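# What follows is a predicted structure for the sequence shown.
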Amino acid sequence: MIVRPLSSAGFAVLVLVLAAAGAEAAQPAAPPLPKDVKAFVDRRAGCDHWAGEEPYDADRRQEIARATRRLRCDRLERDERRLLKRHAGSPRAVEAVREARDGSL
């Protein structure tokens, strides 16, 4: 195997690639969402899922009704307003709540 030295251009590219990889690794991870926001986002996803289910017979209709009651889907709008007010100073929390509503998550 013949090993050739890097040209100055090749060396520069290598340095840029390694610097970019190091910069990505050095980026701090986003802080976790507050627990109440995470719970709301998960709840919204569950409600969205069950809202799209077809109640093709009585058993299925009951299953859907139980799930939407358990998830408190009828209170999503009120809870969303409360979370947006509570976390108004946290752009990340507000964005997560709004993205959950819009189905972006």
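Good, I have the coordinates.
# residues near Phe40, how many?
Neighbours of Phe40 under the rule other Cβ atoms under 10 Å: 22. Heads up, the C-betas are built off the backbone N, CA and C, glycines and all.
# Setting aside sequence neighbours, what's the nearest residue to it?
Leu83 (5.7 Å; Cβ to Cβ, 6 or more residues apart in numbering).
# Tell me how far the one you found lies from Gly52.
From Leu83 across to Gly52, the span is 23 Å (Cβ to Cβ, to the nearest Å).
# who's more crowded, the two?
Set Leu83 next to Gly52 and count neighbours by other Cβ under 10 Å: Leu83 wins out with 21 against 8.
# List the contacts of the closest residue to Pro34 other than its chain neighbours.
Spatial nearest neighbour of Pro34, excluding adjacent residues (Cβ to Cβ, 6+ apart): Ala93 at 5.7 Å. By Cβ atoms under 8 Å, 6 or more residues apart in numbering, Ala93 lies in contact with 33-34, 37, 83, 87.
# Run a quick neighbour tally on the closest residue to Pro31 other than its chain neighbours.
Spatial nearest neighbour of Pro31, chain neighbours left out: Arg92 (7.3 Å); criterion: Cβ to Cβ, 6+ apart. The local packing of Arg92 (other Cβ under 10 Å) involves 14 other residues.
# do the same with Val41
There are 19 residues near Val41, going by other Cβ under 10 Å.
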